[in-house]
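Visitor: Predicted model and sequence below, questions to follow.
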Amino acid sequence: MTGENGMQASVALFAAILFSCVAVSSADAQSAQGIADFPGTVRVEPYRNPIIFIRTQLDDQTGKPARAGKVWVMDEDGSGLRQLTFGPNYDDHPALFSDGKHALYSEFRGDIFDRKAGARLIKLNIYSGKREVFAEDPGCSLHHVSLTAQDDKIAYQHDCGDRRSQRIGLGTNGHEINMRAVNPVILKDSVIFMHQKEPLAASRQASLVRLYGHGRGAKAVFLTDDKHLNRRPVGSPDGEWIAWQTDATGDEEIFLARIDGSQPRNITNAASNDGHPWFSRDGKWIVFESDRTGNLELWKINLETSEQQQLTFGGKKYSSREPRW
């Protein structure tokens, strides 16, 4: 098949694959789809504004990762720390659903981040540890997922062979971003993402772009310059602010600006590399990763007082990254 009919058939096939792989949460269905029983501890007490993130065990001698990254969760003050995923698979970029009880993350087939190996999206109950396959496309990798705070709209990267694309929504209800994009997050009326000027250049330079609509008639607005590496954007729950990671000051810092990119300012301002920002559900805090202690740990900053607090203390045993609130 060629032309428009072939494209429509391909879209329909992709939608069928995705929706046919959404599992129910019964034990039989989990077993049939290769989901192992949860070996961790079950939590009954409600989490206080849980933070989900990836934690990697380090080799005591070399300091290098000894095991693949795993999904962990904790209360907003760093207490109640629990491991949620186990086994040899590489787990990546978790996100929290609006119910505060479930997470979504990418599970790669191997123990490293390998797009060509394949990766599926797994839905996880952060209390019981029960998992189910949320979406997959055999032979492809679905990863770098994000969810909106109020209504769980999904954005993710879809890699098949050498082709990479960023998608909004699943199946026939979704679409592909029609620009070169990385790390998209959904707003009420648009999408914000990183747009790299020259992907193959030795020195990476990227802008943040806000895209209204898709396909014919879509409108792109550049929010930052393209002389620095501006990446990993996130919008505040009220849609008024944007935060992102940038090397505009030399090292990596977290910047905050109005949603249109105006009034940008450095909010971390530390002699370290700070990244992967994410707003709290009430918009008063930002959680982020930082190597200011010599190892990647999670911190949070109060946007009113600028107070910064360390949340994880992995030392030489663990590194923590990719936090989501």
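Guide: Ah, there it is. Numbers count the residues shown, from 1 in each chain.
Visitor: Check whether Thr246 really touches Glu252, as I assumed.
Guide: Yes: using C-beta atoms under 8 Å as the test, Thr246 is close enough to Glu252 to be in contact (7.2 Å). Using the backbone N, CA and C atoms, a C-beta is placed for each residue, glycine as well.
Visitor: Quick one: the strands in the stretch 51-200 of the chain, in order.
Guide: Counting by DSSP state E, counting those that start in this stretch, the stretch 51-200 of the chain has strands at residues 51-57, 70-74, 82-83, 91-96, 102-108, 119-125, 131-135, 141-147, 154-160, 163-168, 175-176, 182-186, 191-196.
Visitor: Can you give the contact residues for the second one?
Guide: To tie it back to what came earlier, the one meant is strand 70-74. 47, 50-56, 80-86, 91, 94, 103, 105, 124, 126, 311-312, 320 (C-beta atoms under 8 Å, 6 or more residues apart in numbering).
Visitor: hmm, which of those residues are the buried ones?
Guide: The neighbour-count test (16 or more other C-beta atoms under 10 Å) marks 47, 50-56, 81-82, 84-85, 91, 94, 103, 105, 124, 126, 311-312, 320 as buried among these.
Visitor: What distance do you get for the spatially most central residue of the chain to Gln57?
Guide: Nearest to the mean C-alpha position of the chain, counting by C-alpha atoms, centre = their mean, stands His93 at 4.0 Å. Computed with C-beta to C-beta, to the nearest Å, the distance linking His93 and Gln57 is 18 Å.
Visitor: Also Ser262?
Guide: Applying C-beta to C-beta, the value for Ser262 to Gln57 is 42 Å.
Visitor: same question, Glu136
Guide: 26 Å.
Visitor: Now for the residue lying closest to the residue nearest to the centre of the chain once chain neighbours are set aside, how many residues are close by?
Guide: Distances taken as C-beta to C-beta, 6 or more residues apart in numbering place His144 nearest to His93, at 5.1 Å, with adjacent residues excluded. The number of residues packed near His144 is 21, by other C-beta atoms under 10 Å.
Visitor: Ser190 now?
Guide: By other C-beta under 10 Å, neighbour count at Ser190 equals 19.
Visitor: Show the pLDDT at it.
Guide: Looking at Ser190, its pLDDT is 96.
Visitor: and the closest residue in space to Gly129 that isn't next to it in sequence, what does it touch?
Guide: Leaving aside its sequence neighbours, Gly129 sits nearest to Phe38 (C-beta to C-beta, 6+ apart; 3.0 Å). Contact analysis of Phe38 by C-beta under 8 Å, 6+ apart lists Ser128, Gly129, Lys130, Arg131.
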